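Peer 1: Task: produce atomic coordinates for the following.
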Amino acid sequence: MALLPMSSMAQDLKPSGSNVSQLVPHTWHHQEEQGDLNGDGLADLVIVATPPSEKPETDEQETEGDETAEYEEIFDPYPVIAIYFGTDGGKYKLWRRYEELIPQSSNISFYEVGININERGVLRFQLSSFCSAGSAYNEDRTYVYRFQDNDFRCIGMDLHTMSRMTGVDETLSYNYLTCRRQRIVLNAFDDSIKPRETWTRLPRQPLKRLGEEALM
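Peer 2: As a prediction, the model looks like this:
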């Protein structure tokens, strides 16, 4: 699911405020980035915030001797993406909130999120994943958005994977404006293997809005 109505979890994010401490509850883990996203000359704000985990309490006597309990996956809450536009009055006003775009971290799968806004107002979300069980691959994705036609449109995406078993390292870079894809394959364990680079033409399609698809 992508763009959702306001939920009881996300109601704690305030609709307006002068700074991050006024917008995000102090119990939430969060990070933020400032920049002019819509080209009006005012600083805007992007926040990724995660509510505190409410993991159920377990009875030690019930789990003692249960070998499967150690590997039971317990999920944290979904992070929330909130975009605030700056106003002439010096406050930030909520433009849109997104839920369930970023996967839930757990005791087995961990997701790290980064935000960047460059001097041209281009917004990037960088997501890295690491699984301690069930997968030998590390994966990093970067989604690139630009505010146009009154929404954030995806203009590019990079996908990087690396096998911890074989060292095979692959990067796919998609440019949805030029409709081209670059693919680079190398081996992180063997420098004697030369990187291979190929280019592919992509079919031209409408640029997707932020919220149409999950980011992982």
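Peer 1: can you map out the strands along this structure?
Peer 2: In the chain, the strands defined using DSSP state E lie at 16-17, 29-35, 44-50, 80-86, 92-99, 109-117, 123-131, 137-148, 151-163, 168-175, 180-187, 196-201.
Peer 1: Just send those back as a markdown table, with mean neighbour count and mean pLDDT too.
Peer 2: C-beta: built from backbone N, CA, C; applies to glycine. Supplementary listing: those in a markdown table, determined by neighbours: other CB atoms under 10 Å; pLDDT from 0 to 100:
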| stretch | mean neighbour count | mean pLDDT |
| --- | --- | --- |
| strand 16-17 | 15 | 97 |
| strand 29-35 | 16 | 97 |
| strand 44-50 | 22 | 97 |
| strand 80-86 | 23 | 98 |
| strand 92-99 | 19 | 97 |
| strand 109-117 | 16 | 92 |
| strand 123-131 | 18 | 90 |
| strand 137-148 | 18 | 93 |
| strand 151-163 | 18 | 96 |
| strand 168-175 | 16 | 96 |
| strand 180-187 | 15 | 97 |
| strand 196-201 | 10 | 98 |
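Peer 1: List of residues touching stretch 20-39?
Peer 2: 12-14, 16-17, 42-52, 82-86, 92, 113-119, 121, 123, 147, 152 (CB atoms under 8 Å, 6 or more residues apart in numbering).
Peer 1: whoops, I mixed them up, stretch 109-121
Peer 2: Taking contacts as CB under 8 Å, 6+ apart, the residues outside stretch 109-121 that touch it are 31-39, 44, 46, 48, 73, 79, 102-105, 123-132, 134, 146-147, 216.
Peer 1: Kindly recompute the last result at 7 Å.
Peer 2: Residues external to stretch 109-121 that are found in contact with it (CB atoms under 7 Å, 6 or more residues apart in numbering): 31, 33-37, 39, 46, 48, 79, 102-103, 105, 123-131, 147, 216.
Peer 1: swap in stretch 40-59?
Peer 2: 9, 13, 20, 23-24, 27-38, 74, 76-77, 79-86, 92, 113, 115, 117, 123.
Peer 1: From Glu32, how far off is Val48?
Peer 2: Note on Val48: its distance to Glu32, by CB to CB, to the nearest Å, is 8 Å.
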